[in-house]
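Novice: Whatever this is, show me its structure:
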Amino acid sequence: MSIIHVFETISRADEKSRQRLVDIMIKISNNYSIKSFLDTHIKDNDSLKNIILNRYDEEFVNGIRNNDKIMKNSMLKDRDSLLELSKSNRYPNFLFRRFFGLVKFLNIELKSLCKDKIISKSMLDNKEKIFKFLEEAPSLNISTKLTYSLLKDKERPIQEHDNRDINFLSTAIPYCDIVITERTWKHLARINKLDSEYLTIIENDLNYLLTLS
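Specialist: Down below sits the predicted model:
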């Protein structure tokens, strides 16, 4: 179960509905959850069941929804700036921006990456080596490619939950054997060959799991 499902279940104001859903979620997941790669530094202080079943917190839920709106507006602006670039420069530009944005978010000093030889001087002199290095980090690679595929298609609408979905899939795809997600993400993941790259089965129908029994 993704931590995204926890947030979405918390937002249900009806207590009986939350109870029914959490019972199913806990039964399937055995109370285990997987966080997005951006949330792994957050510590859990309570079981998932208790977190979900706590009294409905309207302020918390509104905070999640407002953040979704902010992220959607940010992605729309990113789409506009991306489409202004020539096609040959779009992906490289986006990959670098995504990497430096993540470094800033996680408070990582670039000097330390060079000092620890994570980024070598020879790499800095070779553009292809830099691209390869950035794409070798599984979660960053998936996050970048899914977001890029979404933004470059100006006809495809951006939903308020897209950012949360991408963050979760960026952790689930490289570290899970089977991922059940929406049809859109299945399509984009397969276009980018993420299923074959990480040897992950990606489907959009829960009934697929029944075929494995």
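Novice: Residue 195 is in contact with residue 201, isn't it?
Specialist: Yes - counting by C-beta atoms under 8 Å, residue 195 touches residue 201, with 6.8 Å between them. (Glycine included, C-beta is placed from N, CA and C.)
Novice: which one of these two has more residues nearby?
Specialist: Each of residue 195 and residue 201 has its neighbours counted (other C-beta atoms under 10 Å); residue 195 has more, 16 against 12.
Novice: any idea how far residue 73 is from the more buried one?
Specialist: 31 Å (C-beta to C-beta, to the nearest Å).
Novice: Please identify the helix or strand for residue 190.
Specialist: Element membership of residue 190, judged by DSSP states H and E, is helix 183-191.
Novice: Can you list the buried residues in the helix or strand just after that helix?
Specialist: Under the assignment DSSP H and E, the closest C-terminal helix or strand after helix 183-191 is helix 194-197. When neighbours are counted by 16 or more other C-beta atoms under 10 Å, the buried residues of helix 194-197 are found to be 194-195, 197.
Novice: Name the residues that touch helix 194-197?
Specialist: Contacts of helix 194-197 from elsewhere in the structure, counted by C-beta atoms under 8 Å, 6 or more residues apart in numbering, are 142, 145-146, 173, 189, 200-202.
Novice: try it again with 7 Å
Specialist: 142, 145, 173, 189, 201-202 (C-beta atoms under 7 Å, 6 or more residues apart in numbering).
Novice: Quick check on the residues you listed: which are buried?
Specialist: Neighbour counting with 16+ other C-beta under 10 Å marks 142, 145, 173, 189, 202 as buried within the contacts of helix 194-197.
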